[in-house]
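Participant: mind looking at a prediction? Sequence and model below.
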Amino acid sequence: MSKRKIMVVDDEPDLQMLILQRFRKQIQQDVYEFCFAENGEEALNMLNESSDISLVLSDLNMPKMDGLTFLAEAQKLEKPTLKTVIVSAYGDMENIRTAMNRGAFDFITKPIDFRDLEITIEKGLGEIQLILDSLAQKEQLEAVQTDLETAARIQHKILPQDNPAFPGRNEFNVYGEMHTARQVGGDFYDYFLLDDDHLGFVIGDVSGKGVPASIYMAVSRTMLKAIASQIEDPAECLSTVNTMLIPESDLTTFVTVFYGVLDLNSGLVKYCNGGHNLPYVIRKDGTVEEVENTSGLLLGKIEPIEYETKELKLEPGDKFLLFTDGVTEAMNELEDMYEEPRLEEFLAKHHEDGINKLVRSLIVDVLKFMGKANQSDDITILSVEFAGKE
């Protein structure tokens, strides 16, 4: 504990001498520093001029301003780290009750028992230190909260937000949303035109949560988008990203990714899965099909991995629905999970919905299923619809 400044308010000069004598050792060791005022008015002026006074030892019976009035005025200063101990010969119950009701920390009667006074000072300064520590922790938490809010805004801006995503392109629609379990998440989605005839789309889920996952998410998304613009084949793209991510990963960090490229003329989708939940194709007639898996594992941990590209065909009106495990592993209060059968039933029932409504309705359905249970993982959904060229 650093040196604490204690103010003694008393019009008896002898008390100043006694204080300086009895606490000489603490003064020499820079544990305590004492200052003195002869009445409440002078004490208030000193408190207004000095911010380093922690503890006040005040008499009750003083000229100009008595100790009880001083207590009331000192409370108006609203200094939570300022404590006042009344030291008075008038130790009757009425004075004690009045002093305590006006905010006194303790009451000591004269003649002073200096051992008792020393204990009271230590107790008062100890409580002040607890308040200072609490205020410092609150300040740190507020700084962390501000940083998290800033990180959340940045992460939100990283993900595509435009709706419609590509005005004037009628041969396809694409829409995604992410609802994080914490202020920042480890899921991501993205979509981008590789050229006039091909749309790249991706969804990913980073291991872990919070700030570390959000940083890895941003790195993964940026790498994949950059590589996708240079490498046409999805499997080769994921293989390259995997190699680049390994040096950026620690023991527990990895990412699952599903990446596809839609031919906007034919509806042909070339895709590769890196250990992610398999998406669904929702046919125009309401049939729901799970996409066939490809060889390959999660990214950022193992090298080399042989990734594989497969193909499927979308007809006009068909939709692709990609999601993270925050959907199927969402738990309700009974710890039942949402799971794939419930998802497939929902998609079949809502197959005629536009993709914006489909994505939002699915999120609402998952949240309704969870009820009062806490959201334990990010919920991210991306949908791509092939409309075909007129």
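Facilitator: Ah, there it is.
Participant: and the strands in the stretch 51-200 of the chain?
Facilitator: Remark: strands assigned in the stretch 51-200 of the chain by DSSP state E, counting those that start in this stretch are 53-58, 83-88, 106-109, 172-179, 187-195, 198-206.
Participant: please report the distance of Met244 from Arg115.
Facilitator: 70 Å (C-beta to C-beta, to the nearest Å). No exception for glycine: its C-beta is placed from N, CA and C like everyone else's.
Participant: just Leu193 next, same as before
Facilitator: 82 Å.
Participant: of these two, who's got more company?
Facilitator: For Leu193 and Arg115, the more surrounded residue by other C-beta atoms under 10 Å is Leu193, and the numbers stand at 15 against 9.
Participant: wait, the more buried one touches Leu199, no?
Facilitator: Yes. With contact defined as C-beta atoms under 8 Å, Leu193 counts as touching Leu199 (5.9 Å).
Participant: so what's the residue count around the residue nearest to Gly124 when sequence neighbours are not counted?
Facilitator: Setting aside the residues directly before and after it, Gly124 is nearest to Lys83 in space (C-beta to C-beta, 6 or more residues apart in numbering), at 4.7 Å. Other residues near Lys83 come to 23 when the count uses other C-beta under 10 Å.
Participant: distance check, Lys83 against Ser58.
Facilitator: Applying C-beta to C-beta, one obtains 11 Å for the distance of Lys83 from Ser58.
Participant: go on, Thr180?
Facilitator: Plainly put, Thr180 is 53 Å away from Ser58 if you go by C-beta to C-beta.
Participant: ok, and what's touching whichever helix or strand Ile363 is part of?
Facilitator: Secondary-structure element containing Ile363, defined by DSSP states H and E: helix 355-370. Contacts to helix 355-370, defined as C-beta atoms under 8 Å, 6 or more residues apart in numbering, come from residues 163, 173-177, 179, 282, 319, 321, 323, 327, 330-332, 338, 342-343, 346-347, 350, 353, 375, 379, 381-385.
Participant: if you set the cut-off to 7 Å instead, what comes out?
Facilitator: For helix 355-370, the surrounding residues in contact (C-beta atoms under 7 Å, 6 or more residues apart in numbering) are 173, 175-177, 179, 319, 327, 330-332, 338, 346, 350, 353, 379, 381, 383, 385.
Participant: which among those end up buried?
Facilitator: Buried subset of the contacts of helix 355-370 (neighbour count, 16 or more other C-beta atoms under 10 Å): 173, 175-177, 179, 319, 327, 330-331, 338, 346, 350, 353, 379, 381, 383, 385.
Participant: keep only those of the residues you listed that are in strands.
Facilitator: Cross-referencing those against strands under DSSP state E gives 173, 175-177, 179, 319, 379, 381, 383, 385.
Participant: among those residues, show me the least confident.
Facilitator: Going through these one by one, the lowest pLDDT turns up at His179, 91.
Participant: beta partners of that one?
Facilitator: Legend: beta-bridge partners of His179 under DSSP bridges are Ile379.
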